[in-house]
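Undergrad: With the sequence up front, the predicted model follows.
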Amino acid sequence: MNQPPLPIATRRLMTFFVMAAAIMNQVDTTIANVALPHIQGSTSASREQITWVLTSYIVALAIFTPLTGWLAGRFGRKRVVLISIFFFTLTSGLCGAATNLNELIVFRVFQGIAGAALVPMSQATLLDAYPPEEHGNAMAVFGLAAVTGPLVGPLAGGWLTEHMSWRWCFFINLPIGIMAWVGLTATMPDYPGKKAARLDFLGFALLALAIGALQLLFDRGQVQDWFSSTEIWVETLLAGCAFYLFVVHSLTTRHPFVSPAVFTDRNFVICSIVGFFLGVLIYSPMSLLPEMLSNLFGYPIMDVGLVMAPRGLGVLIMMLAMGRLINRVDPRLLIGFGMILSAYAMWHLSHMTLQSSGWIVITTGIIQGMGSSAIFVPLSMMTFTTLPAHLRNEGAAINTLLRSYGGAAGIALVQVLIYRNEAAVQSRLTEGVRPDNPVVQAALPNADFTSPASVAGMEHELVRQATMVSYINAYWVLSIIGILACAMVFLLRRPRRIDASADTLAAEAMAAE
């Protein structure tokens, strides 16, 4: 865009306010995780229902992020950014004021829709505001948003929930959003929209319907007893038909929302699948750990935030290392190394017991943070280096959508795995707890099976043990997913040249536009 250079003071102020908007969005993906047990108690939600607070936001974010580039081209980036900040701040306040779970989920959906533009538009704004020779520094500053989310989110969520209320995990966005809106109104150039390309609204609507119905299927399946429910059959048919119509429409229309040509690039397809699994590995443990630490280990909510926060340190450490390694090491090796780190972190968590200390969560969090950061940077480059330039818009849209949706689908599926494992393990354990069992006699010599209090105590311990086993199994499955995703790296073709220059970063960041 042909914008005159901004004065240094104005540029620095704009950078601060842009970063505030991006960090507000990134923190919101993690800050609610820590507060989930308190939200569950306050809204009288079941364990199956409470994860909708996370998945509703992530799915809405995933669906509408690809639309933001067209909106910026049609209406102008500044207008889109300011409207997004306004509605994100408004819906954050509504989330905090929600009186029941249904209201909270609805407001989280609208919050995700409003926040979809904040990160890509903030990144593109920094690239336009700084000259090409300073793009590297601008992206380094922008990288703080990626680090701040996992580092500050759990700490802020724990402190606000313990000392104030879980509602302040959302109310905290109000002063930040107002500050960012006022600041960018004064400092951000207009960046008028280009002539917007024709948007395939039908293709977008069909894809959104397919993803939304599929996520409802995952979220509601356990509650509705899966395919014994009419609702689940309706959602399955709706998702299948919408996806089928989306594929047919994309193959027959002149200007599809996602060009089928992007799927002819092997590297793009494999990297997008690996990105899906990356979303699973990033978001799924973040949804499991707060509930496990709070309910099984009795951690105060502030301690939950403290033991989860060091994951951000792992992200920071590996981000610093990536700057030196990305041009010297085969990116496929870096992606594979990151997947192995993430899989090892999950495997290590699968060896927890009810007597484990918080250090295992801290160390595995650091390892997982390093792994996800080691994957993300080279994966982003490998995704687009062999994709033709004219397909990058569609490529960026589908890649971002798959990575984000992997998080939502992963959260829903590991929760289903836990509920079903818990019931099966508890049933097996209960079978063996009887007076004539010599193992029980040796372990509980004073057990009184005629006392209601004694039986209730044994039942409580059986539930704790069964729940712990179900968490262990979930972490083990996640480690297997990491290994399988690592194996897919061998299918990638190494491009002739991996260019980590500012021009490449700019092209990737501007792909949404």
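TA: Noted; the coordinates are in hand. Model, not experiment: these values are computed from the prediction.

Undergrad: list the helices and strands the longest helix along the chain packs on?
TA: Counting by DSSP state H, the longest helix found in the chain is helix 392-432. Here helix 392-432 touches helix 47-50, helix 52-64, helix 68-75, helix 201-221, helix 266-295, helix 359-385, helix 452-488, helix 502-509, going by 3 or more CB pairs under 8 Å, 6 or more residues apart in numbering; DSSP states H and E. Heads up, the C-betas are built off the backbone N, CA and C, glycines and all.

Undergrad: Between helix 52-64 and the helix or strand just after the third one, find me the angle.
TA: Counting by DSSP states H and E, the element after helix 68-75 in chain order, helix or strand, is helix 77-97. For helix 77-97 against helix 52-64, the angle between stretch directions is 170 degrees (axes from the mean of the first three to the mean of the last three CA atoms, to 10 degrees).

Undergrad: Q355 and Q465, how far apart?
TA: Using CB to CB, to the nearest Å, Q355 is found at 12 Å from Q465.

Undergrad: Of all the helices and strands packed on helix 392-432, which one is nearest T400?
TA: Of all the helices and strands packed on helix 392-432, helix 52-64 sits nearest to T400, with 7.3 Å by CB to CB.

Undergrad: which strands and helices sit next to that closest one?
TA: The contact analysis (3+ CB pairs under 8 Å, 6+ apart) places helix 52-64 against helix 31-43, helix 101-115, helix 201-221, helix 266-295, helix 392-432.

Undergrad: Ok, which of the ones you listed comes nearest H249?
TA: Taking those one by one with CB to CB, helix 201-221 is closest: 5.5 Å.

Undergrad: Remind me what that closest one packs against, helices and strands.
TA: helix 52-64, helix 230-252, helix 392-432.

Undergrad: Pipe these into a markdown table and attach distance to G212 per row.
TA: Converted to a markdown table, the helices and strands packed on helix 201-221 look like this (distance: least, CB to CB, whole Å):
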| stretch | distance to G212 |
| --- | --- |
| helix 52-64 | 7 |
| helix 230-252 | 8 |
| helix 392-432 | 10 |
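
Undergrad: quick one: contacts for L288?
TA: For L288, the contact set (CB atoms under 8 Å, 6 or more residues apart in numbering) comprises V414, I418, Y471, A474, Y475.

Undergrad: any idea what sits nearest the second one, other than its immediate chain neighbours?
TA: Take I418 and drop its neighbours on the chain: the residue closest to it by CB to CB, 6 or more residues apart in numbering is S470, 4.5 Å away.

Undergrad: thinking again about what came up before, of Q355 and Q465, who's got more company?
TA: Taking neighbours as other CB atoms under 10 Å, Q355 and Q465 compare with Q465 leading, 17 against 6.

Undergrad: Distance of that one relative to G358?
TA: 20 Å.

Undergrad: cool, L118 as well?
TA: From L118 across to G358, the span is 33 Å (CB to CB).

Undergrad: For those two, indicate the residue with more neighbours.
TA: The neighbour count for L118 versus G358, taken as other CB under 10 Å, is higher for L118 (27 against 15).

Undergrad: Can you report how many residues neighbour the nearest residue to that one once chain neighbours are set aside?
TA: Nearest residue to L118, sequence neighbours excluded (CB to CB, 6+ apart): N25, at 4.2 Å. Other residues near N25 come to 26 when the count uses other CB under 10 Å.

Undergrad: helix, strand or coil for N25?
TA: Here N25 is recorded as helix under DSSP: H, G, I helix; E, B strand; the rest coil.

Undergrad: pLDDT below threshold where in the stretch 401-513 of the chain?
TA: Within the stretch 401-513 of the chain, the segments meeting pLDDT under 70 span 440-441, 443, 447-448, 450, 494-513.

Undergrad: let's go with 80 and repeat that
TA: Applying pLDDT under 80 to the stretch 401-513 of the chain flags the ranges 401, 404, 423, 426, 428-461, 492-513.

Undergrad: Ok, the stretch 251-400 of the chain next?
TA: For the stretch 251-400 of the chain (pLDDT under 80), the answer is 255, 257-259, 309, 312, 315-316, 319-320, 322-330, 376-400.

Undergrad: which residues does Q224 contact?
TA: E231, I232.

Undergrad: how close does it sit to V59?
TA: Taking CB to CB, one finds Q224 at 18 Å from V59.

Undergrad: the domain parsing of this protein - what is it?
TA: 1-197, 200-256, 263-415+472-513, 423-466 (automatic domain parsing).

Undergrad: dump the residue contacts of N399.
TA: Counting by CB under 8 Å, 6+ apart, N399 makes contact with F268, C271, S272, G275, T383.

Undergrad: Any chance of these in CSV with distance to W347 and neighbour count as columns?
TA: Below are the contacts of N399 laid out as CSV (distance: CB to CB, whole Å; neighbours: other CB atoms under 10 Å):
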residue, distance to W347, neighbour count
F268, 30, 24
C271, 24, 31
S272, 25, 22
G275, 22, 25
T383, 27, 25
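
Undergrad: Report the two of the residues you listed separated the most.
TA: Longest distance between any two of the contacts of N399 is 10.2 Å, between F268 and G275; criterion CB to CB.

Undergrad: residue contacts, L209?
TA: L209 sits next to L238, A239, A242 when contact means CB under 8 Å, 6+ apart.

Undergrad: Contacts only, for the spatially closest residue to the first one that is not a sequence neighbour.
TA: Right, the one you point to is L238. Leaving aside its sequence neighbours, L238 sits nearest to A213 (CB to CB, 6+ apart; 4.2 Å). By CB under 8 Å, 6+ apart, A213 lies in contact with E235, T236, L238, A239, A242.

Undergrad: Find residues that contact each of F268 and G275.
TA: Shared contacts of F268 and G275, defined by CB under 8 Å, 6+ apart, comprise T383, N399.

Undergrad: hang on, the earlier thing: so which of the helices and strands packed on helix 392-432 is the most surrounded?
TA: With neighbours defined as mean count of other CB atoms under 10 Å, those peak in mean count at helix 52-64, which reaches a mean of 25.

Undergrad: Can you report the mean pLDDT over the residues of stretch 128-135?
TA: Confidence over stretch 128-135 (mean pLDDT, whole number) is 70.
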